[in-house]
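> Coordinates only, no sequence provided:
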């Protein structure tokens, strides 16, 4: 078997790579690295052939058919000091490289990326997407990445690319200062800027970044709930629509509850209208508390008499329009009234002196 391999190595006529594999690199198995001068080299579209002499890149061939002679192996010929075109074998390593675009390569953040937002403060975001690349400079890729490996798969670069991409995306998000609720509107713009930012890192390894896509940037659940609550508040700001909505909901619930009948529908309508009126009153008079109905409300909302009041700190007599003491600057003491009988309460009283109700 050894003799047959030796003889076969001396008469290699065709050098090509036609195997169906997902590897980016194929090392041509020449016996003792001997290739006959005059052999046929076939490089297909999407391939490149790299010749190495004693571990050093000598010549690179693009797609086409070549008959190996000294004139089309200038570097290798110079290294070997060949002066004549002879047919004896020469020794070299031949690597075929797949130069097609490697698509659907995934990237994503392992840990949340901290970012500062003007509205929500510091938030954590996660992102994921895909990218594609190809071998652009076979000689540089051989020197920087491949080395002495016999084969190479895209997954071997996945971890490095993922770290590089996440780092670039983090810097990009911080520099863009886009509000988190507006990020989805800028995915295309951010993808293009990210590709321009990390592209030079690929070129330094003999690769080219052919495409980069941000599919999604997600926020923590608590931030999403906060956004949902804010949206609900903005929608409820139209109180007229809110009242109509409450009324419609009450009618629907009454219709779905046969035991309630018209009484249930009336109660629902009343509740919806009362709620809408109360909110409307609060919006129209934000500085005044809501007024409860009945005698308790009337007694609890008795207005302070217009008579003069003494400062609780220095005893200075305050006028009805004074909010602060003109002598010591203390705030005007607020009078309190019993919710049961309506009598005025002392500042430190815990029980009404008239009816004994607990304050």
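Yep, that arrived. Since the model is a prediction, treat every value here as computed from it, not as a measurement. Numbering: from 1, shown residues only.

> my guess is residue 250 is in a helix, correct?
Yes - looking at residue 250 with DSSP: H, G, I helix; E, B strand; the rest coil, it is inside a helix.

> For the remainder of this discussion, apply numbering that starts at 400.
Got it, first residue is 400 now, which makes that one residue 649.

> okay, it: pLDDT?
Looking at residue 649, its pLDDT stands at 75.

> just the one 5 residues further on next, same as before
Here the pLDDT value assigned to residue 654 is 69.

> can you list contacts of stretch 606-616?
By C-beta atoms under 8 Å, 6 or more residues apart in numbering, the surrounding residues in contact with stretch 606-616 are 500, 502, 524-535, 540, 564, 568, 572, 582-583, 586, 589-590, 593-594, 597-598, 601. Heads up, the C-betas are built off the backbone N, CA and C, glycines and all.

> quick one: residue 552 and residue 504, what's the gap?
Distance, residue 552 to residue 504, by C-beta to C-beta, to the nearest Å: 11 Å.

> Of the two, which one has the most company?
Ranked by neighbour count (other C-beta atoms under 10 Å), residue 552 and residue 504 place residue 504 first, with 20 against 13.

> Quick check: bridge partners of residue 516?
Beta-bridge pairing for residue 516 (DSSP bridges): residue 520.

> What are the neighbouring residues in contact with residue 563?
Residue 563 touches 597, 600, counting by C-beta under 8 Å, 6+ apart.

> Help me confirm that it is found in a strand?
No - using three-state DSSP, the secondary structure at residue 563 is helix, not a strand.

> what's the pLDDT at it?
So, for residue 563, pLDDT stands at 91.

> Need the nearest residue in space to residue 625, chain neighbours excluded.
Ranked by C-beta to C-beta, 6 or more residues apart in numbering and with sequence neighbours excluded, the top spatial neighbour of residue 625 is residue 519, at 6.8 Å.

> Please list all residues in contact with that neighbour.
Neighbour list for residue 519: 579, 622, 625 [criterion: C-beta under 8 Å, 6+ apart].

> Now, those residues that are in helices?
Among those, the members falling in helices (DSSP state H) are 622, 625.

> now that we have the contacts of residue 519, which one has the most neighbours?
residue 579 (20 neighbours).

> right, and that residue touches residue 517 too?
No - counting by C-beta atoms under 8 Å, residue 579 does not reach residue 517; the two are 9.4 Å apart.

> Nearest spatial neighbour of the spatially most central residue of the chain, chain-adjacent residues omitted?
The centre of the chain sits closest to residue 616, judged by C-alpha atoms, centre = their mean, with a distance of 2.4 Å. Closest residue to residue 616 apart from its sequence neighbours, by C-beta to C-beta, 6+ apart: residue 526 at 4.4 Å.

> who are the neighbours in contact with that neighbour?
Counting by C-beta under 8 Å, 6+ apart, residue 526 touches 507, 508, 512, 565, 568, 613, 615, 616, 617.

> on that earlier part again, of the contacts of stretch 606-616, keep whichever come out buried.
Buried positions within those, assessed by neighbour count (16 or more other C-beta atoms under 10 Å), are 524, 526, 528, 530-535, 540, 564, 568, 572, 582, 586, 589-590, 593-594, 597-598, 601.

> Just the ones of these in helices?
Taking DSSP H as the definition of helices, the buried ones among the contacts of stretch 606-616 contribute 540, 564, 568, 572, 586, 589, 590, 593, 594, 597, 598, 601.

> Find the residue closest to the fifth one in space, skipping its chain neighbours.
So that's residue 586. In space, residue 586 comes closest to residue 613 once its chain neighbours are excluded; the distance is 4.9 Å by C-beta to C-beta, 6+ apart.

> same deal with the fourth one?
When the adjacent residues along the chain are set aside, residue 572 lies closest to residue 514, with 5.3 Å between them (C-beta to C-beta, 6+ apart).

> Is the one you found in a helix, a strand, or coil?
Classification of residue 514 using three-state DSSP returns strand.

> That one contacts residue 521, doesn't it?
Yes - shown here, residue 514 and residue 521 form a contact pair, counting by C-beta under 8 Å, at 7.4 Å.

> ok, these two, which is more surrounded?
Ranked by neighbour count (other C-beta under 10 Å), residue 514 and residue 521 place residue 514 first, with 20 against 8.

> about what we covered before: looking at the ones in helices among the buried ones among the contacts of stretch 606-616, which is nearest residue 721?
Using C-beta to C-beta, residue 572 comes nearest to residue 721 of those, at 54.6 Å.

> pLDDT value on the closest one, please?
Residue 572 is assigned 83 on the pLDDT scale.

> Next: residue 644.
Looking at residue 644, its pLDDT reads 67.

> Would you confirm that residue 739 contacts residue 754?
Yes - with contact defined as C-beta under 8 Å, residue 739 counts as touching residue 754 (5.2 Å).
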